[in-house]
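*Asks:* no sequence for this one, just the structure:
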């Protein structure tokens, strides 16, 4: 047998040996990549599931702690104005009233400023100015609330007490109305509303900027082609298309204002009474919890504070859910 024939006979053996060899490096790489993808999907899914699970656990814990007070007082817990710890009588109406009123004041003050800043940055500001101004507005959200509170005590309250409140009450003669009557204490519902307005302004401005940018460029071009001025284009074409998102930003700011604690506690005066005057001290649900939680000495007092927290938790969740839905509806329409 020649060398050539032995070479031919050995070829099938090498072929069979190659077919029985372990997977190639490329196949091993694909399998490893597939296993890594599966592990990544499992890890991200578990991480995403932790968020609603954590929210559910918080709701269960607060609800269980609040149940004794809610069962004992029923719906009168929300409508009653009496908060008498020694007598064991608890009513959250003044705190709910103060939370709603201070948040509405904050929205009335912050919304025009935030919307004006958003329109300027998205429509008029030159490119070199947009980023610095937007950065400084967003920086307001990074300041700790206790710093806002200290600034409110030493700077804002003296200005309100000595200048703004007398001007509103006496110079503009608004003291004849129940909303600006009475002495100017300084710590008041108005002070809480002003400090909240400064704190929620960056949130409303940021959301409004995004939804204004999401309005299709064709809307602006069509209005300008029909002869509209720059302001008419913004008023009649841009803002109507972004209206839902702007409202969503306002509601998002409202949700931020509802839960603010330290800054409001330091400037609102902390008096559990319902007063029509914005110059009078007040209370909010968050400040009530912050002031009394460490001093709660019996189970019913602690449960009443947890019930206040449960009401605040429910309101905040609903407000933020509505805001997110409105913002999503506008951005989805802009991308479509």
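*Replies:* Everything's here; your move. Just so we're clear, the structure is a prediction, and the values are computed from it rather than from any experiment.
*Asks:* which SSE is residue 87 in?
*Replies:* Counting by DSSP states H and E, no helix or strand carries residue 87.
*Asks:* Provide a list of residues in contact with it.
*Replies:* By CB atoms under 8 Å, 6 or more residues apart in numbering, residue 87 lies in contact with nothing. The way it works is simple: take the backbone N, C-alpha and C, and place the C-beta from them, glycine included.
*Asks:* what about it, distance to residue 175?
*Replies:* The gap separating residue 87 from residue 175 is 36 Å, by CB to CB, to the nearest Å.
*Asks:* where does residue 62 fall, phi/psi-wise?
*Replies:* Reported as degrees, to the nearest 10, the phi and psi values for residue 62 are phi -70, psi -40.
*Asks:* helix or strand for the nearest residue to it once chain neighbours are set aside, which one?
*Replies:* Closest residue to residue 62 apart from its sequence neighbours, by CB to CB, 6 or more residues apart in numbering: residue 310 at 4.9 Å. Element membership of residue 310 [criterion: DSSP H and E] is helix 299-335.
*Asks:* Then residue 55?
*Replies:* Element membership of residue 55, judged by DSSP H and E, is helix 25-73.
*Asks:* The residue nearest to residue 62 - how many residues pack around it?
*Replies:* Using other CB atoms under 10 Å, residue 310 has 22 other residues around it.
*Asks:* List the contacts of it.
*Replies:* 62, 63, 66, 70.
*Asks:* got a winner among those for most neighbours?
*Replies:* Neighbour counts for those (other CB under 10 Å) peak at residue 66, which has 22 neighbours.
*Asks:* Is that residue in contact with residue 312, as I believe?
*Replies:* No: Residue 66 lies out of contact with residue 312 (CB atoms under 8 Å); the separation is 10.7 Å.
*Asks:* can you map out the helices along the stretch 201-336 of the chain?
*Replies:* For the stretch 201-336 of the chain, the helices defined by DSSP state H, counting those that start in this stretch cover 217-225, 230-233, 239-241, 243-259, 262-267, 285-292, 299-335.
*Asks:* Buried deepest among these, which one?
*Replies:* Among these, helix 262-267 has the highest mean neighbour count (mean count of other CB atoms under 10 Å), at a mean of 26.
*Asks:* Noted, bye for now.
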